[in-house]
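[1] Sequence and predicted structure, then a few things I'm wondering about:
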Amino acid sequence: MASIPVPHRVGEPQMEADFTPGTLDEGLVDRLSRFLEEAEPVLFSPGTVPDPFSDSQDMYVRVGIMTDGTWVWQLAWADYVQYHQVAPPSNFLDHIISLNFTAPELTIERTLEIAEAEGLPLPE
């Protein structure tokens, strides 16, 4: 179990909660991890951070903030799902399933609005 940032609706406060590996149905892993990493990046970093679900000091997850226009999540969620089968909150998963695992295209303007709502630095 590890405490990690919880996916949340745009503009809602960022919170952390405990999540447990092995709680996601194997049949959802590939489609869900692909959705989580192929949505619109709001903030992306070339760096990595240690994987909170791994006992190995050699395991890392990607850094970034992603959105589908309604929800916002850490890019690392794609890694948590793919490598550890960590189930996200059920209301977030239900939303993704309702989109048939396909994130909508977002305009640059909408992405900047989301960055602002999330308190992220905006380009000059």
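    Great, that's in hand. These numbers come from a predicted model, not from an experiment.

[2] distance between stretch 50-66 and the chain's centre?
    For stretch 50-66, the gap between its own C-alpha mean and the chain's C-alpha mean amounts to 13 Å (Cα atoms, centre = their mean, to the nearest Å).

[3] burial measure for Glu113, as a count.
    Residues within reach of Glu113, counting by other Cβ atoms under 10 Å, total 16. Bear in mind the C-beta positions are built from the backbone N, C-alpha and C, glycine included.

[4] Tell me which helix or strand Val29 sits in.
    For Val29, the enclosing helix or strand under DSSP states H and E is helix 29-38.

[5] So for the helix or strand following that helix, what gets flagged as buried?
    Once the chain leaves helix 29-38, the next helix or strand it forms, by DSSP H and E, is strand 40-50. For strand 40-50, the buried set under the neighbour-count rule, 16 or more other Cβ atoms under 10 Å, comprises Glu40, Val42, Leu43.

[6] Let me know the closest of those residues to Tyr83.
    Leu43 (21.9 Å; Cβ to Cβ).

[7] Quickly note the distance from Ile65 to Leu120.
    Distance, Ile65 to Leu120, using Cβ to Cβ, to the nearest Å: 7 Å.

[8] picking up where we left off before, now render the buried residues of strand 40-50 as a markdown table, adding distance to Asp79 and pLDDT.
    Shown next, in a markdown table, are the buried residues of strand 40-50 (distance: Cβ to Cβ, whole Å; pLDDT from 0 to 100):
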| residue | distance to Asp79 | pLDDT |
| --- | --- | --- |
| Glu40 | 18 | 96 |
| Val42 | 17 | 95 |
| Leu43 | 16 | 91 |
